[in-house]
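In: sequence-free structure coming up:
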Ligand SMILES: Nc1ncnc2c1ncn2[C@@H]1O[C@H](COP(=O)(O)OP(=O)(O)O)[C@@H](O)[C@H]1O
Ligand SMILES: [Mg+2]
């Protein structure tokens, strides 16, 4: 079966890219062979995995440099069922554009405020531009740090409706477990009962994007 290649990207920093990439990778890793490629030169995902050590909670994490984006994603896709890419927080370098040419799906975490959403408008435009070279690229915004599933403001709904990239129905709530997981170098799956609610957020997202 062909691998599913997923990039987590937003040119804005601090929106939850690494949090989503690492925890999504951990959830997919429990379904099939998975690798997480860290394309951010800051190496946050790689550092995260290093803190926790190798006990099988997280899939292997490998660095990804701009010059090797195509070959590295291709190679990973040959040997894995799921390939995740945590992207750098800028559009200046070529890395993000190249990654988007080599994946099936891009997830764009955004905080649930219209201002944060509009700060991601260049990201949405880049997705649309990339479809010239990768026509099958699917893309979704993922609302992160939600306070309550029912509390999206009218302004936020309106802003979402004006975007070329739709939002997933499911998002991530703001939860201490996501911070604890990062501090402990684990995923929320590896936190046991402390991570149970966060795992439910992830499982709903995985179901929505894969049907599994
Ligand atoms: N759903 C969430 N609940 C609580 N804290 C979160 C959540 N998502 C992200 N964070 C925290 O927000 C900060 C930025 O997240 P991070 O994943 O590093 O963003 P990015 O990779 O986009 O820069 C981190 O301290 C992270 O622990
Ligand atoms: Mg990051």
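Out: Perfect, thanks for sending it. Computed from a predicted structure; not experimentally measured. Ligands and ions are numbered 1, 2, ... in the order given.

In: Remind me which helix or strand residue 186 belongs to.
Out: In the assignment (DSSP states H and E), residue 186 maps to no helix and no strand.

In: so what's it up against?
Out: 52, 57, 58 (CB atoms under 8 Å, 6 or more residues apart in numbering). Using the backbone N, CA and C atoms, a C-beta is placed for each residue, glycine as well.

In: Could you dump the residues you listed into JSON lines with distance to ligand 2 added?
Out: Formatted as JSON lines, the contacts of residue 186 follow (distance: CB to the ion, whole Å):
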{"residue": "52", "distance to ligand 2": "16"}
{"residue": "57", "distance to ligand 2": "19"}
{"residue": "58", "distance to ligand 2": "15"}
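
In: from these, which ones fall inside helices?
Out: Counting by DSSP state H, these place residue 52 in helices.

In: now the worst-scoring helix or strand of the chain on mean pLDDT, how far from the centre of its chain.
Out: One helix or strand of the chain scores below all others by mean pLDDT, DSSP states H and E: helix 154-161, with a mean of 86. Here helix 154-161 is found 22 Å from its chain centre; the criterion is CA atoms, centre = their mean, to the nearest Å.

In: and the residue nearest the centre of the chain, bridged to which residues?
Out: Geometric centre of the chain, nearest residue: residue 8, 3.1 Å, by CA atoms, centre = their mean. When assigned by DSSP bridges, residue 8 has beta-bridge partners residue 86, residue 107.

In: shouldn't it be in contact with residue 23?
Out: No - with contact defined as CB atoms under 8 Å, residue 8 does not reach residue 23; the gap is 10.2 Å.

In: dump the residue contacts of the residue of the chain most remote from its centre.
Out: Distance from the C-alpha centroid of the chain peaks at residue 154, with 25.7 Å (CA atoms, centre = their mean). Contact analysis of residue 154 by CB under 8 Å, 6+ apart lists nothing.
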